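Student: model the structure of this input:
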Amino acid sequence: MRALYVLKRACIQQIAFTCTARWRWTQSRSFSNTIPEKHAPNNTMFKHLTSKIKATGPISVAEYMREVLTNPVLGYYVKNDMLGADGDFITSPEISQIFGELLGIWCVSEWMAAGKPKEFQFVEFGPGRGSLASDILRVFSQLQVVLGGATVSIHLVEVSPRLSELQARSLTGDRNQVFASENAPAYRQGTTSTGLPISWYRSLDDVPKGFSIYLAHEFFDALPIHKFQKTERGWREMMVDIDPEDAARLRFVLVPAPTLASSTLIQAGESRDHVEVCPEGAVVIQKLSTRIVEDGGAALMADYGHDGTGTDTFRGFRGHKPHDVLSAPGTADLTADVDFGYLRRTAGDQVACFGPIAQRTFLQNMGIDTRLQVLLRNCRDASTRAQLIRGFDMLTNPVKMGDRFKFFALLNHNRLAPPPPLEKGKLTPLHLGEKGKKMALAPLPVAGFSELKF
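Tutor: Numbers count the residues shown, from 1 in each chain. Sure, this is the predicted structure:
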């Protein structure tokens, strides 16, 4: 446990102070009520959806989300740069560098708790503009002494060619290349500014197996969901259809008969009247759990969500404002709260699950208060100091992101198992307990999910 204390204290105190331009944008920009030109109605996506509905009938909400967000040609994530002041939403790494630094410490602490494997793969799902990966890489670079002789590599799962280009520019400069072959597991490879190999993949299936720390920040909320409503005749699925009174609009409809999804995805004994289920999220959790069992490692998820209590959470965002999910499809982000209870049930007994816990609790356990004080002491610029404080408040304030966002982790059971009993002629890790008694070392606590006081 002391090793974890030392790691956290050293990281929080010694990681170099950096002030990047993304701290500045909120000081010089204000959000406009007008819709930017890039948000003009996407008639092509609307025509694509209505043609599909006319041909096959109403489509599920999951199919609607999949087409609108990730259609290979027209998808919102494929065509747009939706992050930051000029986009539709902003994420925690853009709000404060501290967020990424603490997650970088979490990755290193779990690598240490696993016995410092020689191979250390960092895998991030949906890396946005690469801001989080950039902060984590800075932590890795400044903890080279801790990482020792480990072979560290970076692996990014990204379906958007536009975003992968932005990530590559941020993380590698021009030290990357794209592969045209559809058969190659990685479609882009390069070297980070800190000298680590980095690769981009379209799917987790393409990422090489091996000890990995997986990170999914605001990833699961964008995966397609099915929506169900309890009726007097049982559960019925909500679909998307063309409005019969206005062919230029879409509407929600309730299917009169059971669907395959409504017959198979509802948990027995479900007490809510409205339920959202994300089968694709379950598939990712199953794959992560299998990899963690077979190759070791851990997965950390951060998203807004609930522990099986949420109902109707499907919503859209455009220009940092709420947006009708069925209006101008393809021009706004679509999202739904993550049901962490569902993800926990999906993981089953394969791995150990931690959380969900509130973001403010996780970050406070990781030492965000101390890290903020270190940054403020080293910062002379008044406007930057003010932005540091605002970012801290945004991340931890219960009425802002502090309670809205949750952290959830998957760990290998061996990570938590105490060492085997001492056998005759064999050695096991020991420390001196109360009154000098020799005791077997207990597993290190899981950073962020346990309060570790300095």
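Student: quick one: low-confidence ranges for the stretch 51-200 of the chain?
Tutor: Along the stretch 51-200 of the chain, segments meeting pLDDT under 70 span 80-90.
Student: the same query, at a cut-off of 50, please.
Tutor: 84-88 (pLDDT under 50).
Student: show me where it has its helices.
Tutor: For the stretch 51-200 of the chain, the helices defined by DSSP state H, counting those that start in this stretch cover 61-70, 76-79, 92-95, 97-113, 131-142, 144-147, 161-172.
Student: three-state assignment of Arg272?
Tutor: Look at Arg272: counting by DSSP: H, G, I helix; E, B strand; the rest coil, its state is coil.
Student: in contact with it, which residues?
Tutor: When contacts are counted by C-beta atoms under 8 Å, 6 or more residues apart in numbering, Arg272 is found next to Lys230, Thr309, Thr311. (C-beta placed from N, C-alpha, C; glycine too.)
Student: show me the contacts for the last one.
Tutor: Same thing as Thr311. Arg272, Asp273, His274, Val275, Glu276.
Student: mind doing that once more with 6 Å?
Tutor: Taking C-beta atoms under 6 Å, 6 or more residues apart in numbering, we find Thr311 in contact with Arg272, His274.
Student: that one should be in a strand, yeah?
Tutor: No. If the criterion is three-state DSSP, then Thr311 is coil and not within a strand.
Student: and it, how far from Glu218?
Tutor: 21 Å (C-beta to C-beta, to the nearest Å).
Student: do the same with the second one
Tutor: As for Thr309, its distance to Glu218 is 20 Å (criterion: C-beta to C-beta).
Student: now swap in the first one and tell me
Tutor: If you measure Lys230 against Glu218 using C-beta to C-beta, the figure is 29 Å.
Student: of those two, which one has the most company?
Tutor: Glu218 (21 against 15; other C-beta atoms under 10 Å).
Student: look up how far Thr264 lies from that one.
Tutor: Relative to Thr264, and taking C-beta to C-beta, Glu218 is found at 28 Å.
Student: same check, this time on Arg251
Tutor: In terms of C-beta to C-beta, Arg251 sits 26 Å off from Thr264.
Student: more crowded one of those two?
Tutor: Arg251 (14 against 11).
Student: hang on, the earlier thing: can you tell me which of the helices of the stretch 51-200 of the chain is nearest to Phe362?
Tutor: helix 97-113 (8.5 Å; C-beta to C-beta).
Student: what inclination does that closest one have with respect to helix 131-142?
Tutor: 50 degrees (axes from the mean of the first three to the mean of the last three C-alpha atoms, to 10 degrees).
Student: ok, residues contacting helix 97-113?
Tutor: Contacts for helix 97-113 (C-beta under 6 Å, 6+ apart): 4, 7, 11, 15, 92-93, 120, 132, 135-136, 139, 143, 213, 298, 366, 368, 371, 415, 444, 447-448.
Student: just send the contacts of Arg272 back as CSV, with distance to Lys116 and pLDDT too.
Tutor: Listed next are the contacts of Arg272 as CSV, based on distance: C-beta to C-beta, whole Å; pLDDT from 0 to 100:
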residue, distance to Lys116, pLDDT
Lys230, 50, 97
Thr309, 39, 96
Thr311, 44, 96
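Student: using CSV, lay out those together with distance to Gln189.
Tutor: CSV is the format used below for the contacts of Arg272 (distance: C-beta to C-beta, whole Å):
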residue, distance to Gln189
Lys230, 49
Thr309, 43
Thr311, 43
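Student: of the residues you listed, which is the nearest to Tyr64?
Tutor: Thr311 (18.7 Å).
Student: next, give phi and psi for the closest one.
Tutor: phi -120, psi -100 (degrees, to the nearest 10).
Student: and the one 4 residues further on, by the same measure?
Tutor: Its backbone dihedrals place Arg315 at phi -160, psi 170, with angles given as degrees, to the nearest 10.
Student: report pLDDT for it.
Tutor: According to the prediction, Arg315 has pLDDT 96.
Student: ok, Arg415 next?
Tutor: For Arg415, pLDDT reads 92.
Student: look at it and say how many residues are nearby.
Tutor: By other C-beta under 10 Å, neighbour count at Arg415 equals 19.
Student: gap between the two ends of stretch 326-337?
Tutor: Start and end residues of stretch 326-337 are separated by 18 Å (C-alpha to C-alpha, to the nearest Å).
Student: which other helices and strands contact the host helix or strand of Val253?
Tutor: Assigned by DSSP states H and E, Val253 belongs to strand 250-254. Strand 250-254 makes packing contacts with strand 234-242 when contacts are defined by 3 or more C-beta pairs under 6 Å, 6 or more residues apart in numbering; DSSP states H and E.
Student: within its sheet, name the partner strands of the strand it packs on and how each one runs.
Tutor: Sheet pairing for strand 234-242, assigned by DSSP bridges, gives strand 59-60 (antiparallel), strand 226-231 (antiparallel), strand 250-254 (antiparallel).
Student: who's in contact with the shortest one?
Tutor: Just to be clear, that refers to strand 59-60. Residues beyond strand 59-60 that count as contacts (C-beta under 6 Å, 6+ apart) turn out to be Ile53, His226, Met239, Val240.
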